[in-house]
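Chemist: Show me how the following folds:
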Amino acid sequence: MSDIPLLKETAAKAIEAAKEDLHALSNDIWSHPELANEEHHAHKLLTDFLDKYGFQVERQYKLDTAFRATFDCADNDGVNVCMICEYDALPDIGHACGHNLIAEVGAGAGIGAKAALEASGQKVGKLIVMGTPAEEGGGGKVELIKAGAFKDIDVAMMAHPTDRENNVPTGNHLAMIQ
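Modeler: Numbers count the residues shown, from 1 in each chain. So this is what the prediction gives:
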């Protein structure tokens, strides 16, 4: 299958089918806020979740509470796309910044993209869902970059909740840091 509308529909249906699991994942992370580099509960939840959905999971990837979950659909050196999950909390106010939602969106996007790749029947690259801990003042992505976690990734993306419409990148983004 290479019809883009059908692949989009396949992705949407996979996410819809997982919506109860995704909601439970987000709520569990919200209910157990963990500070930077202490995200052991969230790490286990996310890695078990992605394993359940057919990803090859590397726990404690480069950092104690980071992970890398891969769906490899390449016969060659195709494009490697990464969806990022954040899941740490802030002192005293927990997940007020919405990192539980970033984790849910990253995992959900991974499920949808994986379903579309499987349906396409094409061997195009790797899909990676990466857990980046310690984002609230801990510089988790910076440490992962230094450790080489993004070396084989061509495109990395994530969503961050906000209280306003924001279509223009602001602040320090991964591409800007490199």
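Chemist: Which residue is the nearest non-sequential neighbour of residue 27?
Modeler: residue 100 (7.6 Å; Cβ to Cβ, 6 or more residues apart in numbering). Every residue, glycine included, has its C-beta placed from N, CA and C.
Chemist: same deal with residue 78?
Modeler: Distances taken as Cβ to Cβ, 6+ apart place residue 125 nearest to residue 78, at 3.0 Å, with adjacent residues excluded.
Chemist: Roughly how far does that neighbour sit from residue 80?
Modeler: 5 Å (Cβ to Cβ, to the nearest Å).
Chemist: ditto for residue 122
Modeler: Distance from residue 122 to residue 80, counting by Cβ to Cβ: 15 Å.
Chemist: so where do the strands sit in the chain?
Modeler: 56-59, 67-73, 79-85, 125-131, 155-157 (DSSP state E).
Chemist: Residue 29 is nearest to which of those?
Modeler: Among the strands of the chain, the nearest to residue 29 by Cβ to Cβ is strand 79-85 (9.6 Å).
Chemist: Okay, buried residues for that closest one please.
Modeler: 80-85 (16 or more other Cβ atoms under 10 Å).
Chemist: Packing partners of it?
Modeler: Applying 3 or more Cβ pairs under 8 Å, 6 or more residues apart in numbering; DSSP states H and E, one finds that strand 79-85 contacts helix 99-120, strand 125-131, strand 155-157.
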